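Student: Here's a sequence, model it:
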Amino acid sequence: MKQFHALAFLFFGTLVSGSVAADAVVTNRSMFASTIAEISIQEGEVRVELEIGVNDLPAFRNLMPDEIYQRMGHEARPYGERIREFFARDLVLSQPAQEEGEITPLEGRLLEIGPRARIMRDPISGEALPVAEEEETVIAAVLSYSLEGKPPQLLISPPRSSPMPTIGFVVYHNTVAVNDFRFLGQPLLLNLDWNDPWYSAFERRTLRRSYFAPMSGFLYVEPFEVRKEIIVRPRDMQRWVDLGLNDADIIRADQRGLVLEKIAQFLLARQPVTINGQPAQPILDRANFLSRTLKSSMVVEPGIDINLDAAVVGVIFVYPVASLPDAATMTWDMFDDYIALVPAASVDEAGPFKTFLEPDYAVLEWQNFLRNPTVPSLIELPAPPSAAAQWLYTLRWWVLAAVLLSVVLWGRSHSKISAVAAVFSLSLLALSLVFGRPLAPATQATEQVVTDLLRNVYQAFDYRQESDIYDTLERSVTGGLLTEIYLETRRSLELANQGGARAKVQSVELQDIEVLPGPERGSFKADVTWNVAGSVGHWGHIHTRRNQYQAQLQIQAVDNRWKISRMNVLQEQRL
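Tutor: Prediction:
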């Protein structure tokens, strides 16, 4: 409690000085509320972790130590009496009784209380962020409510003081989030499913979390590939296929591989897909355990046990196509008493079209309504200058000197030989000016050659088959460098936290270039810095990546085509 002595004057002064309004400002983002409550329900206990902002201290006065309580203008009262009043009248958790209107509050205990820096949260997902430079001090408290048995309902009632506190809250039932961050401004009734906490839910439908459904499906349509992505819960899949998880509470790390294999093989024959009206055969790409938030979905690292109630698996199937199809469908064929509404989306470069699939509306359809779809194609580079053009370009100054000399000699002698020499020199000068070209073109053209070569390298990875990627790369890279660039570029485009999903490059921007003579005939060097921006649609989200590279390139004229013959990457960084 000694920490409170130093802060007592701060809080007291804030409350009476008028520098902070008495009513907390209610924003439309509950994770920025003055007070945050994270409520965790487990068998035998409800644990509440509070961050109490200075504006809400009056509503939580009965939790405050005596010194702060009295500085807030209240007469001294025994601390134990105030704590009992808090659990009975302020933040009340209760089991609704059989008789209407009768409420029996749960007995509570104060476990911890003290000042600390506020946890900053992502404005979309509510996830904790690094502490800001200017830390806001809050009162952190941990409360424990005794829970007898497995009640079917729980009533959560916020303090009803005046002014009302602004509370942002989230509830977890056995680690499963029941709701996204929302405001707690009135009593809320929570239905508890102790057999499967995934299905615990508030009576108010508006409090249903975004990822409420146990299964969902996505159909991505791109040039060269249609992709089907299915997200399921192993616990629900257990009703369809034996995963060896009966009576289990966790999926052990050493079980994960077998569980993924069984789910993927079962789904291989489900949710049939048609492309341009014809049945398509799926190719299993990968399956992963996922950790999902409102903002992202990430692959769970290997070697970790996973709570069965919260476990989610994503499985990806691919369907190679020659180009962008005209139509594609996916039919959902897994409905039962629990799976009655399946969130789904068809996605193309224009964005996602979201819908819900039901037994009477089970087909997810995609039609090609894109007016100008982006179909990847290689950029045609200008051919390198021929040896004759380079020779003429190199001789142009010597030819100019010869012209001047022959003109001077003709002016002095007016001989036929000097006249012929002058005409020949002038003709050669004209040829060198018209047809002469340097190996490394002018600065702007050089930049374009380097940019187009880099763009073509990334463009190759829009193809699905490795043979197609290699064939496309070979048009921009010499054979000795082919494998190295293939591996390096593939690594840079893969999103490790997405199980190896490969981003497709949207843009290549040259930031800096210095062109130097090459060590070999028919080559030039370029010290280059460039930015690459790419994205991939995955698990219902768009994941983006932006990297910057600094490298030394050698550009070689090979078979009348510019190619990258050497590459030394000096630096790579995420932007």
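
Student: ok, Ile231 to Asp196 distance?
Tutor: In this view, Ile231 and Asp196 are 17 Å apart by CB to CB, to the nearest Å. Just so you know, the C-beta spots here come from the backbone N, C-alpha and C atoms, and that holds for glycine as well.

Student: So those two - more neighbours on which side?
Tutor: Ile231 (22 against 17; other CB atoms under 10 Å).

Student: Give me the contact list for stretch 483-493.
Tutor: 457-458, 461, 469-470, 473, 477, 502-505, 532, 534, 545, 547, 549, 564, 567, 569, 572 (CB atoms under 8 Å, 6 or more residues apart in numbering).

Student: where do the helices sit along this structure?
Tutor: Along the chain, counting by DSSP state H, helices occupy 2-17, 66-71, 79-85, 234-237, 256-267, 387-413, 416-435, 443-459, 466-473, 479-493.

Student: Pull up the distance across stretch 162-180, start to finish.
Tutor: Chord length of stretch 162-180, first to last residue, is 26 Å (CA to CA, to the nearest Å).

Student: try stretch 190-198
Tutor: The first residue of stretch 190-198 is 13 Å away from its last residue (CA to CA).

Student: Just the buried positions in that stretch, please.
Tutor: Leu190, Leu192, Asp193, Asp196, Pro197, Trp198 (16 or more other CB atoms under 10 Å).

Student: any low-confidence regions in the protein?
Tutor: Filtered on pLDDT under 70, the chain yields the residue ranges 1-28, 97-102, 122-134, 294-296, 376-445, 490, 492-503, 522, 540-543.

Student: so what are the domain limits for it?
Tutor: For the chain, automatic domain parsing gives the domain ranges 2-207, 215-367, 387-433, 443-574.

Student: want to throw these into TSV with distance to Val375?
Tutor: As requested, the domains of the chain are exported to TSV (distance: least, CB to CB, whole Å):
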stretch	distance to Val375
domain 2-207	33
domain 215-367	5
domain 387-433	34
domain 443-574	9
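
Student: Among these, which comes closest to Pro373?
Tutor: For the domains of the chain, proximity to Pro373 was assessed by CB to CB; domain 215-367 is nearest, at 5.3 Å.

Student: Just the endpoints, please. Distance across the closest one?
Tutor: Start to finish, the residues bounding domain 215-367 are 24 Å apart (CA to CA).

Student: go on, stretch 344-353?
Tutor: 8 Å.

Student: Distance of Ala117 relative to Phe32?
Tutor: 15 Å.

Student: the more surrounded of those two?
Tutor: The neighbour comparison of Ala117 against Phe32 (other CB under 10 Å) goes to Phe32, with 19 against 14.

Student: Hmm, Gly168 and the more buried one touching each other?
Tutor: Yes - using CB atoms under 8 Å, Phe32 is in contact with Gly168, at 7.1 Å.

Student: Let me see the contact set for His250.
Tutor: For the record, residue 250 is Ile, not His. Ile250 touches Asp305, Ile306, Asn307, Leu308, counting by CB under 8 Å, 6+ apart.

Student: which of those sit farthest apart?
Tutor: Within the contacts of Ile250, two members stand farthest from each other by CB to CB: Asp305 and Leu308, at 9.8 Å.

Student: So for the two, which residues contact both of them?
Tutor: Joint contacts of Asp305 and Leu308 (CB under 8 Å, 6+ apart) are Ile250, Ile251.

Student: who's more crowded, those two?
Tutor: Between Asp305 and Leu308, counting by other CB under 10 Å, Leu308 is the more crowded of the two (21 against 14).

Student: Please verify my assumption that that one contacts Ile251.
Tutor: Yes - if you go by CB under 8 Å, Leu308 and Ile251 touch, sitting 5.8 Å apart.

Student: Now the common contact residues for the two.
Tutor: Pro234, Leu245.

Student: and the gap between Pro151 and Leu106?
Tutor: Where Leu106 is concerned, Pro151 sits at a distance of 10 Å (CB to CB).

Student: Overlap of the contact sets of those two?
Tutor: Taking CB under 8 Å, 6+ apart as the criterion, Pro151 and Leu106 both touch Gln95.

Student: More neighbours: which of the two?
Tutor: The residue with more neighbours, out of Pro151 and Leu106, is Leu106; 20 against 16, by other CB under 10 Å.

Student: pretty sure the more buried one is touching Ser146, no?
Tutor: Yes - if you go by CB under 8 Å, Leu106 and Ser146 touch, sitting 5.8 Å apart.

Student: tell me, what's touching the two both at once?
Tutor: With CB under 8 Å, 6+ apart as the test, Leu106 and Ser146 reach no residue in common.

Student: quick one on the thing from earlier: so which of the contacts of Ile250 would you say is closest to Ile283?
Tutor: Distances from Ile283 to these, taken by CB to CB, are shortest for Ile306, at 26.5 Å.

Student: now whichever strand in the chain runs longest, how far from the chain's geometric center?
Tutor: Assignment by DSSP state E gives strand 541-558 as the longest strand of the chain. On the basis of CA atoms, centre = their mean, to the nearest Å, strand 541-558 sits 21 Å off its chain's mean C-alpha point.

Student: which parts of that strand are buried?
Tutor: Neighbour counts over strand 541-558 (16+ other CB under 10 Å) mark 541, 543, 545-547, 549-551, 553-557 as buried.

Student: ok, what's across the strand from Tyr172?
Tutor: Ser40, Ala177 (DSSP bridges).

Student: Can you show me the strands along the stretch 201-350 of the chain?
Tutor: 201-202, 215-222, 225-232, 250-251, 273-275, 278-280, 283-292, 297-299, 306-307, 312-320, 327-331, 342-348 (DSSP state E, counting those that start in this stretch).

Student: Could you find the closest non-adjacent residue to Trp366?
Tutor: Spatial nearest neighbour of Trp366, excluding adjacent residues (CB to CB, 6 or more residues apart in numbering): Ser346 at 3.9 Å.

Student: Contact partners for the one you found?
Tutor: Going by CB under 8 Å, 6+ apart, Ser346 touches Phe218, Leu219, Val221, Ala328, Met330, Pro352, Phe353, Leu364, Glu365, Trp366.

Student: show me the residues around the nearest residue to the first one once chain neighbours are set aside that make contact.
Tutor: Read it as Phe218. In space, and not counting its chain neighbours, Phe218 is closest to Glu229: 4.4 Å by CB to CB, 6+ apart. By CB under 8 Å, 6+ apart, Glu229 lies in contact with Gly217, Phe218, Leu219, Tyr220, Gly314, Val315, Ile316, Phe317, His538, Trp539, Gly540.

Student: Spatially, which two of the residues you listed are the most separated?
Tutor: Largest separation among the contacts of Glu229 by CB to CB: Phe317 and Gly540, giving 15.7 Å.

Student: With neighbour numbers in mind, choose between those two.
Tutor: With other CB under 10 Å as the criterion, Phe317 and Gly540 differ in neighbour count, and Phe317 comes out ahead with 23 against 20.

Student: separation between the more buried one and Arg286?
Tutor: Phe317 sits 10 Å away from Arg286, going by CB to CB.

Student: repeat for Ala140
Tutor: The value you get for Ala140 to Arg286, if CB to CB is used, is 41 Å.

Student: now swap in Gln550 and tell me
Tutor: Distance of Gln550 to Arg286, computed by CB to CB: 32 Å.

Student: Near Met120, how many other residues are there?
Tutor: 16.
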